[in-house]
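> starting from these lines, generate the structure:
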Amino acid sequence: MTPPNLAKAIIEHFSHALEGRVLDPSRGEGAFYNHYPDHVESHWCEISEGRDFLSWSDRVEWVVTNPPWSELRTFTRHAMRVSENIVWLAPLTNLTTKARLRDLQEAGFGIAELLFVDTPKSWPQSGFQIVAAHLKKGYTGHWKVVQLRGGGGAKAS
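Okay, the predicted model is just below:
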């Protein structure tokens, strides 16, 4: 599970852009969902509560969460069908395999931003960089790379 303070810092980082309908496709205990800003229309899925994201068909402006990493490709493909903005908390290497980059390109998405975060101490320390990646439909520019500071603020790299 994502530590609530990390989810809050990620939401705060992207809050300037969040608008409209925002979906947490794997709410869990609500680490992300509970920190969505008041100005958005919040929605959630959680398979253990009978709401399967892969059955979600309504359009939303944003999909934001820590998806199950074992289902990252499946979740990303589905998220690209229902939204134009996706923010995933995941290992950078899991997001940037050739197949996953090809999936993004074929769906007309690009990586707009990589927010580097420290791996939570309660998680296994794999040595892989964890990021909150903003995947955006129609984006073709350079990847913005930012480091989330310990206090939650971010600085450009």
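
> for the rest of this, base every contact and every neighbour count on C-alpha atoms.
OK.

> which stretches of this protein form helices?
Applying DSSP state H to the chain gives helices spanning 4-14, 72-82, 92-95, 98-106.

> contacts for the shortest one?
To tie it back to what came earlier, the one meant is helix 92-95. Helix 92-95 is contacted by residues 69, 72, 101, 128-131 when judged by C-alpha atoms under 8 Å, 6 or more residues apart in numbering.

> now do the last one
Where contact means C-alpha under 8 Å, 6+ apart, the residues beyond helix 98-106 that reach it are 73, 77, 95, 110.

> rerun at 10 Å
With C-alpha atoms under 10 Å, 6 or more residues apart in numbering as the test, helix 98-106 has contacts from 72-74, 76-77, 80, 94-97, 107-111, 135-140.

> and these, which of them are buried?
In the contacts of helix 98-106, burial by neighbour count holds for 72-73, 76, 80, 94-95, 109-111, 135-137, counting by 16 or more other C-alpha atoms under 10 Å.

> of all those residues, which two lie farthest apart?
The distance between the two most remote of the buried ones among the contacts of helix 98-106 (C-alpha to C-alpha) is 19.3 Å, for 94 and 137.

> just to revisit the earlier point, as JSON lines, the helices of the chain with mean pLDDT and distance to residue 64 would be great.
Formatted as JSON lines, these follow (pLDDT from 0 to 100; distance: least, C-alpha to C-alpha, whole Å):
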{"stretch": "helix 4-14", "mean pLDDT": "94", "distance to residue 64": "8"}
{"stretch": "helix 72-82", "mean pLDDT": "97", "distance to residue 64": "10"}
{"stretch": "helix 92-95", "mean pLDDT": "92", "distance to residue 64": "15"}
{"stretch": "helix 98-106", "mean pLDDT": "97", "distance to residue 64": "16"}
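
> what's the most buried one of the ones you listed?
Highest mean neighbour count of the helices of the chain: helix 4-14, a mean of 20 (counted as mean count of other C-alpha atoms under 10 Å).

> same for that one, what does it pack against?
Applying 3 or more C-alpha pairs under 10 Å, 6 or more residues apart in numbering; DSSP states H and E, one finds that helix 4-14 contacts strand 62-65, strand 85-91, strand 109-117, strand 130-137, strand 144-148, strand 154-156.

> which of these sits most buried?
strand 62-65 (a mean of 27).

> each with direction, which strands does that one pair with?
Taking DSSP bridges as the criterion, strand 62-65 sits next to strand 21-24 (parallel), strand 85-91 (parallel) in its sheet.
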